[in-house]
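# Just a sequence and a predicted model for now, questions to come.
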Amino acid sequence: MKRSGLITTKIGMTRLYDDAGVAHAVTVLSVGDCAVIGNRTVEKNGYVANILGIREAKAKHIAKPQAVAAEKAGVKPYRKIVEFRCTDDCVIPVGTNMVASHFVTGQFVDVQATSKGKGFQGAMKRHNFGGKEATHGVLKAHRSLGGTGMREWPGRVLPGKKMSGQMGNETVTVQNLKVFGTDDVENLVFVEGAVPGANGTFVLITDAIKKEQKDLPVPTCEVKATAEEAQPEETKSESVAE
């Protein structure tokens, strides 16, 4: 069994307490208006997946192909769209609004996001180099990385050498983070530990691939109807007449 993941937005970090009064540093992730906008099937696409979107977008802010695809599917256009591979028993109907209870308190998840961009950085900051000595003949090169290659052979700098360059702004995955809890009212997921990216970054959450977990809602948590929605039509009409 492989369930679908969720697209969330990083709100920030805070501190929550467990029943024993122990403080835990958690990252707050908002599910928001994340919804299923399409499916992939073996017959048509060769694989099974759920297509999710988050943060409704204006028509002028999306490309025409995405607008046409959304109109054809009968769903709203979204700013962020992601496919999550799943098994046949975990296909979610189109139009389903995802909720934080898709994940269970105590389970482990993998999170993926784009890390903060640090710009062009030197080897000491980028790769934790120690730098050169403060004295003994070192002149204006205290933070340089030193030699980068060999002598006559191979006579070049090998690919992958740790050097200065662009730092951050790359896709980072953190595995086996524990779900501290969820908030169905505000549609929030609280994950223990740090999550890559700045506040406001889109974060993908999936069930931990390296953990065998049980008692997870398949294919997802059913959204409970409110008291007004659950009220029969006849009762509604009678109350309106009164």
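Yep, that arrived.
# okay, CA-based contacts and neighbour counts for the rest of this
Will do.
# Any idea how many residues pack against residue 77?
Residue 77 has 24 neighbours, counted by other CA atoms under 10 Å.
# Begin at 320, not 1, for the rest of this chat.
Noted, 320 is the first residue going forward, which turns the last one into residue 396.
# quick one: contacts for it?
375-378, 381, 385-386, 389-390 (CA atoms under 8 Å, 6 or more residues apart in numbering).
# mind listing the strands for the chain?
In the chain, the strands defined using DSSP state E lie at 325-336, 342-349, 354-359, 368-375, 397-404, 427-433, 436-440, 484-487, 490-502, 507-511, 521-526.
# Show me what counts as buried in the fifth one.
So the one you mean is strand 397-404. Within strand 397-404, the residues scored as buried using 16 or more other CA atoms under 10 Å are 397, 400-404.
# Pick the one among those residues closest to residue 464.
Set against residue 464, the nearest of the buried residues of strand 397-404 by CA to CA is residue 401 (39.9 Å).
# these two touch, right, that closest one and residue 359?
No. Using CA atoms under 8 Å, residue 401 makes no contact with residue 359, being 12.0 Å away.
# Overlap in contacts, the two.
By CA under 8 Å, 6+ apart, the residues touching both residue 401 and residue 359 are residue 370.
# pLDDT below threshold where in the protein?
542-561 (pLDDT under 70).
# Let's see that with 80 instead.
541-561 (pLDDT under 80).
# For residue 324, which non-adjacent residue is closest in space?
Excluding its sequence neighbours, the residue lying closest to residue 324 (CA to CA, 6 or more residues apart in numbering) is residue 525, at 4.3 Å.
# Bridge partners for the one you found, pull those for me.
Beta-bridge partners recorded for residue 525 (DSSP bridges): residue 429.
# Look at it and say how many residues are nearby.
19.
# OK, contacts around it?
322-325, 428-430.
# can you do 6 Å?
324, 428-429 (CA atoms under 6 Å, 6 or more residues apart in numbering).
# cool, residue 335 as well?
Taking CA under 6 Å, 6+ apart, one finds 342-343 in contact with residue 335.
# Return the member of the buried residues of strand 397-404 nearest to residue 457.
residue 401 (51.6 Å).
# Now do the contacts for the closest one.
370-371.
# Quick check: the residue nearest to residue 474 when sequence neighbours are not counted vs residue 495, distance?
Spatial nearest neighbour of residue 474, chain neighbours left out: residue 468 (7.2 Å); criterion: CA to CA, 6+ apart. Noted for residue 468: a distance of 38 Å to residue 495, by CA to CA, to the nearest Å.
# Over to residue 514?
For residue 514 relative to residue 495 (CA to CA), the value is 11 Å.
# Between the two, which has more neighbouring residues?
residue 514 (26 against 16).
# Now do the phi/psi pair for the more buried one.
Per-residue torsions, residue 514: phi -120, psi 140 (degrees, to the nearest 10).
# residue contacts, it?
Contacts of residue 514 (CA under 6 Å, 6+ apart): none.
# Name the residues of stretch 476-496 that come out as buried.
In stretch 476-496, counting by 16+ other CA under 10 Å, buried: 482-483, 486-487, 491-496.
# first to last residue in it, what's the distance?
38 Å.
# now stretch 401-415
OK, stretch 401-415 end separation, CA to CA: 15 Å.
# chain center to that stretch, what's the gap?
Distance of stretch 401-415 from its chain centroid, counting by CA atoms, centre = their mean, to the nearest Å, is 16 Å.
# Buried ones in it, by neighbour count?
Buried residues in stretch 401-415 (16+ other CA under 10 Å): 401-405, 407, 409-411, 413-415.
# Could you do stretch 344-359 as well?
Buried, per 16+ other CA under 10 Å, within stretch 344-359: 344-359.
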